[in-house]
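S.K.: Structural data only, the sequence is not supplied:
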């Protein structure tokens, strides 16, 4: 079986799928499919991709490896299971004549598909492209659970989930993700977040991460730089994410891999303000975003901000105030005469409304001491093995050493100087002078929870490494990852609102167990669905979203019933 290009008199090219058939001593070419007639070379390339997909399906059909369902039939299957009473199993069907033909894992598509629909992404590729919309939705659902490359996902969906896709159509569907559609997709995530929250969005949390590629060739977007996942030898891009205090994503931006985090903040906020000029908010970000230019730009736009502060680099006068714990206000429980928590607010004398807020935690101080002692133990071990400075300067412990006469020794004075900062942290705030400093500090501490959630889900969704190279494909890949991230975060939000707390792995495990067994009746040649039992976690998820799981058997009218003499073939086919 191969693809044949047949030139016509008018200059056009027929693209056909042809099979060589031997008749006696002669070999003839038999046309299996006429794919299309191309007027230009680029049209021929498109038809070639479609032909490869058709050839793959024909090969599977010849080998008895047909998938149970075509794309989109899962939705009909789930709908029939919910209305089993409208599609009852005939009384003449006997269990002993039925054979299991396959199993459809429908929990993921049922739950996250409903959230996908609520986010308004059913026609993300355009109303005139229903096929591409279905493919994109299927790939987003797969991204939540499978974390594979596009090629591996297509193969896995066919082998494990009985869904027919082809790689060329997936790539073509991704090409519809232009900048306008990506912006529209982000707008809908913001719209739903504003609808779900009881009040207006008052704070946005900003975080960034790097995403590496499976090669090392640089261009204007792919750059080598400091990598957060340790892949310094690979090119990368920088992904910036904006989420609400509740963890609901509202937008993202993609930057060249060598751009610093501080330079991305204002670009992301300017785009957000341009799209949503009526949203009044406070920006919360870590110390990586605190630059003089960023603070001036935020104050110029009258945007309140809460940023992490590098308190160890303060002027001498401020350092003395920060280290003087006698002026800290008690906050929290006490152990004897020691206060576990304390805070202090210092007004900036040069910039009106700017405040430095510092906190002390005895628990955090004990952790700082523990981490330092563990690091020093490693340094002592290396000191005993070698006194050469060159072998001791790595690992961040060189700040505790001195090198008299070229010999490395522990410097107790340096250790004591660093120990003064144990348990201390600081933030810089502007536009928050009318608020209780404790509320401002607690709002900043939410950032740690958001960052942990962000990095955890980026790990769960396996966004890196990226195997695409063309810029528009990279943006489409990140858009689908963002869509998957939104679906996961919205489910977490709904579960938390109902008093249920589940990890992403726990959710996936519960939804994987929601299946429909496909039974083929060898006597009556019918196909029937048998929904599975569900776990207590799955019941909580369904109840939270208002979904119903009906366990009654039902008739599947998929139009794939076998004809006479095909019983054995159908009953032995696998999903």
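M.R.: On my side now, so go ahead. All values reported here derive from a predicted model rather than from experimental measurement. Residues are numbered from 1 along each chain as shown.
S.K.: So which residues of the stretch 151-300 of the chain form helices?
M.R.: In the stretch 151-300 of the chain, the helices defined using DSSP state H, counting those that start in this stretch lie at 167-174, 179-196, 261-275, 292-300.
S.K.: Also the stretch 451-575 of the chain?
M.R.: Taking DSSP H, counting those that start in this stretch as the test, the helices found in the stretch 451-575 of the chain are 471-497, 504-512, 536-545, 567-572.
S.K.: Looking at the ones you listed, which one is packed in the most?
M.R.: helix 471-497 (a mean of 21; mean count of other C-beta atoms under 10 Å). For the C-beta atoms, the positions are set from N, CA and C on the backbone; glycine is no exception.
S.K.: before we move on, the earlier item: out of the helices of the stretch 451-575 of the chain, flag the one nearest residue 378.
M.R.: Across those, residue 378 has its closest neighbour in helix 504-512 (32.9 Å, C-beta to C-beta).
S.K.: relative orientation of that closest one and helix 471-497 in degrees?
M.R.: 90 degrees (axes from the mean of the first three to the mean of the last three C-alpha atoms, to 10 degrees).
S.K.: can you tell me how far residue 310 sits from residue 428?
M.R.: According to C-beta to C-beta, to the nearest Å, residue 310 stands 9 Å off from residue 428.
S.K.: still on that earlier bit, out of the helices of the stretch 151-300 of the chain, deepest packed?
M.R.: Scoring the helices of the stretch 151-300 of the chain by mean count of other C-beta under 10 Å, the most buried comes out as helix 167-174, with a mean of 20.
S.K.: what does that helix contact?
M.R.: 46, 49-50, 52-53, 125, 129, 131-132, 135-136, 139, 150-151, 153-154, 472-473, 476-477, 480 (C-beta atoms under 8 Å, 6 or more residues apart in numbering).
S.K.: swap in stretch 185-192?
M.R.: 118-121, 124, 248-252, 275-276, 479, 482-483, 486, 490.
S.K.: ok, now stretch 466-473?
M.R.: 149-150, 171, 174-175, 177-178, 211-215, 221, 237, 474, 476-477.
S.K.: sorry, back to before: emit the ChimeraX select command for whichever of the contacts of helix 167-174 are buried.
M.R.: Remark: buried members of the contacts of helix 167-174, expressed as a ChimeraX selection using 16 or more other C-beta atoms under 10 Å:
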select :46,49,50,53,125,129,132,135,136,139,150,153,154,473,476,477,480
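S.K.: any idea which strand is longest in the chain?
M.R.: The longest strand of the chain (DSSP state E) is strand 26-38.
S.K.: which strands and helices sit next to the following helix or strand past that one?
M.R.: Once the chain leaves strand 26-38, the next helix or strand it forms, by DSSP states H and E, is helix 41-62. Helix 41-62 is packed against strand 2-7, strand 13-23, strand 26-38, helix 167-174, with contacts defined by 3 or more C-beta pairs under 8 Å, 6 or more residues apart in numbering; DSSP states H and E.
S.K.: Could you count how many residues lie near the residue nearest to residue 542 when sequence neighbours are not counted?
M.R.: Spatially, and ignoring its direct neighbours in sequence, residue 542 is nearest to residue 549 (5.5 Å; C-beta to C-beta, 6 or more residues apart in numbering). By other C-beta atoms under 10 Å, the residues close to residue 549 number 20.
S.K.: and the gap between the most centrally placed residue in the chain and residue 491?
M.R.: Centrality entry for the chain: nearest residue to the mean C-alpha point is residue 485, 3.9 Å, by C-alpha atoms, centre = their mean. According to C-beta to C-beta, residue 485 and residue 491 sit 11 Å apart.
S.K.: Then residue 114?
M.R.: To residue 491, residue 114 is 10 Å away according to C-beta to C-beta.
S.K.: shared neighbours, those two?
M.R.: Residues touching both residue 114 and residue 491 by C-beta under 8 Å, 6+ apart: residue 545.
S.K.: dump the residue contacts of the residue nearest to residue 542.
M.R.: Applying C-beta under 8 Å, 6+ apart, one finds that residue 549 lies in contact with 81, 82, 514, 531, 534, 538, 539, 542.
S.K.: what about the helices and strands packed on helix 41-62, which gets the closest to residue 521?
M.R.: Shortest distance between residue 521 and those, using C-beta to C-beta, is found for strand 26-38: 31.7 Å.
S.K.: quick one on the thing from earlier: so for residue 310 and residue 428, which residue has more residues nearby?
M.R.: residue 428 (21 against 11).
S.K.: Kindly confirm my reading that that one is in a helix.
M.R.: No. Counting by DSSP: H, G, I helix; E, B strand; the rest coil, residue 428 is not found in a helix; it is strand.
S.K.: Mind listing the residues bridging to it?
M.R.: Note on residue 428: beta-bridge partners by DSSP bridges are residue 307, residue 356.
S.K.: That one: what's it in contact with?
M.R.: Going by C-beta under 8 Å, 6+ apart, residue 428 touches 290, 295, 305, 306, 307, 308, 309, 354, 355, 356, 357.
S.K.: which residues touch residue 318?
M.R.: With contacts defined as C-beta under 8 Å, 6+ apart, residue 318 is in contact with 346, 356.
S.K.: and the gap between it and residue 288?
M.R.: Distance of residue 318 to residue 288, given as C-beta to C-beta: 21 Å.
S.K.: cool, residue 196 as well?
M.R.: For residue 196, the distance to residue 288 (C-beta to C-beta) stands at 29 Å.
S.K.: cool, and residue 96?
M.R.: From residue 96 to residue 288 the distance is 67 Å (C-beta to C-beta).
S.K.: okay, these two: which has more neighbours?
M.R.: The neighbour comparison of residue 96 against residue 288 (other C-beta under 10 Å) goes to residue 288, with 17 against 6.
S.K.: Who's the closest spatial neighbour of the more buried one, skipping the chain neighbours?
M.R.: Using C-beta to C-beta, 6+ apart, the closest residue to residue 288 is residue 261 (4.3 Å).
S.K.: from what I can see the one you found touches residue 291, true?
M.R.: No. The pair residue 261 and residue 291 does not pass the contact test of C-beta atoms under 8 Å, sitting 9.4 Å apart.
S.K.: for residue 183, what are its contacts?
M.R.: The neighbours of residue 183, taking C-beta under 8 Å, 6+ apart as the test, are residue 275.
S.K.: what's the closest non-adjacent residue to residue 265?
M.R.: Leaving out its chain neighbours, the residue that sits closest to residue 265 by C-beta to C-beta, 6+ apart is residue 289, at 4.8 Å.
S.K.: same thing with residue 13?
M.R.: Residue 13 sits nearest to residue 38 (C-beta to C-beta, 6+ apart), 4.8 Å away.
S.K.: That neighbour and residue 170: what is the separation?
M.R.: In terms of C-beta to C-beta, residue 38 sits 21 Å off from residue 170.
S.K.: before we move on, what about residue 509?
M.R.: Distance from residue 509 to residue 170, by C-beta to C-beta: 27 Å.
S.K.: Then residue 8?
M.R.: Going from residue 8 to residue 170 by C-beta to C-beta gives 31 Å.
S.K.: Show the backbone phi and psi for the residue nearest to residue 542.
M.R.: Phi and psi for residue 549, reported as degrees, to the nearest 10, are phi -120, psi 110.
S.K.: And for the one 4 residues further on?
M.R.: Here is the backbone geometry of residue 553 (degrees, to the nearest 10): phi -60, psi 150.
S.K.: Please enumerate the shared neighbours of residue 310 and residue 428.
M.R.: residue 290.
S.K.: Please name whichever of the helices of the stretch 151-300 of the chain is nearest to residue 377.
M.R.: Among those, helix 261-275 comes nearest to residue 377, with 32.7 Å by C-beta to C-beta.
S.K.: Not counting its own residues, what contacts that closest one?
M.R.: Helix 261-275 has contacts (C-beta under 8 Å, 6+ apart) with 183, 187, 190, 204, 206, 208, 238, 240, 242, 250-251, 253, 255, 279, 283, 285, 288-291, 293-294, 297-298, 301, 303.
S.K.: Cool, thanks, signing off.
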